[in-house]
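Novice: coords below, sequence missing:
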Ligand code: NDP
């Protein structure tokens, strides 16, 4: 093979905000598959907020990426060659080791994708890990009841957009929080949420209170920070918070001073963190349910595709700043 393998490595661990300096691009020869492996040509790379955690050495539920290793991420790829015979050249698969043009991966870890069932990129977003996260978070953790007020932050994003749509189907009154007029318009008009409040507005806490006249029964937490602070006093007695993530704080060197968690006790709130990988059966379940809704036109999604693997670091850092609009994916041209 004449082509080279562009790979994006973790050059150094950030203390505080990650910058382009913490990544390094290298060109190498494509790998040769070892026994049991297939050679993949990556087509799409998923960019997800959790990757910021993998860049740091802090103790977490998953091991960090080692300095000098290729960045971790899911990838939609096509099989270039498979000496095991399990896949044909050109087959679409979902794999890992995404921040590179080629990889050799054990065939046992690859999930075959059917491009006729749904666009292959949906395996990275609406029907993949983020969509499944929304499915678990809403149906198992948040569990809104009909008529309850359900608020979700990062509402135009990969997880939040699906979470709000599921809560709506469960009969909740759904209020999104998103950054800027256009994202809020999308959330309201295209995703069908009842309201969406712009967290960049100077009077955001007042606007949120006005959008939730009966308080908040369920909060699906995706961002933390100032949004969480505004949500907290509006939580109703016996309210629930599904702690999914706090992306607003991932670039901070020190954790921000938190809200008054004494209210968790006083109002009998239930807080429960969760990690989607603890619900392995949900991936298949959501792919089937979400796939059906997608085919019926009942599930909307939005993707934000950046072309060129060399742009992955900047695209990733931009996502952490909110520059993505929908599920950010890199098309490896
Ligand atoms: P998104 O597609 O929603 O992209 C991130 C969004 O976060 C940005 O577009 C931006 O939207 C919002 N954001 C960033 N900074 C701020 C800020 N300071 N204040 C308010 N909003 C901010 O990402 P995902 O849908 O992939 O992830 C959403 C959350 O879910 C993350 O916290 C992630 O870590 C978590 N997650 C958790 C999983 C689990 O298993 N627990 C699995 C997958 C994701 P806006 O401009 O609208 O503010």
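Specialist: In hand now; what should we look at? None of these values were measured; they are calculated from a predicted model.

Novice: So which residues on this structure come close to the ligand?
Specialist: 48-50, 130, 133, 154, 156-160, 178-179, 183, 199, 222-223, 225, 227, 244-248, 274-276, 319, 322, 324, 327 (C-beta under 6 Å from any ligand atom). Where you see a C-beta, it was placed from the backbone N, CA and C, and this is true even at glycine.

Novice: List only those of those residues flagged as buried.
Specialist: Neighbour-count burial (16 or more other C-beta atoms under 10 Å) applied to the residues of the chain next to the ligand gives 48-50, 130, 133, 154, 156-160, 178-179, 183, 199, 222-223, 225, 227, 244-248, 274, 276, 319, 322, 324, 327.

Novice: Of these, which belong to helices?
Specialist: 50, 130, 133, 158, 159, 160, 183, 225, 227, 319 (DSSP state H).

Novice: now this protein, which segments are flagged as low pLDDT?
Specialist: Within the chain, the stretches with pLDDT under 70 are 256, 258-262, 264-266.

Novice: In it, mark out all the helices, start to finish.
Specialist: 50-55, 129-136, 158-169, 181-185, 204-211, 225-231, 262-266, 280-295, 312-320.

Novice: Touching, residue 311 and residue 330? I think so.
Specialist: Yes: proximity of residue 311 to residue 330 meets the contact threshold set by C-beta atoms under 8 Å, at 6.9 Å.

Novice: out of these two, which sits in the more crowded spot?
Specialist: Neighbour count, other C-beta atoms under 10 Å: between residue 311 and residue 330, residue 330 has more, with 28 against 15.

Novice: Grab the nearest non-local neighbour of the more buried one.
Specialist: Leaving aside its sequence neighbours, residue 330 sits nearest to residue 45 (C-beta to C-beta, 6 or more residues apart in numbering; 4.0 Å).

Novice: One more: residue 24?
Specialist: With sequence-adjacent residues excluded and distances taken as C-beta to C-beta, 6+ apart, residue 24 is closest to residue 11, at 3.9 Å.

Novice: residues contacting the residue nearest the centre of the chain?
Specialist: Among the residues of the chain, the one closest to the centroid is residue 130, at 4.4 Å (C-alpha atoms, centre = their mean). Neighbour list for residue 130: 48, 124, 157, 158, 159, 162, 327 [criterion: C-beta atoms under 8 Å, 6 or more residues apart in numbering].

Novice: Likewise for residue 88?
Specialist: 79, 82 are the contacts of residue 88 under C-beta under 8 Å, 6+ apart.

Novice: For it, give its distance to residue 303.
Specialist: In this view, residue 88 and residue 303 are 26 Å apart by C-beta to C-beta, to the nearest Å.
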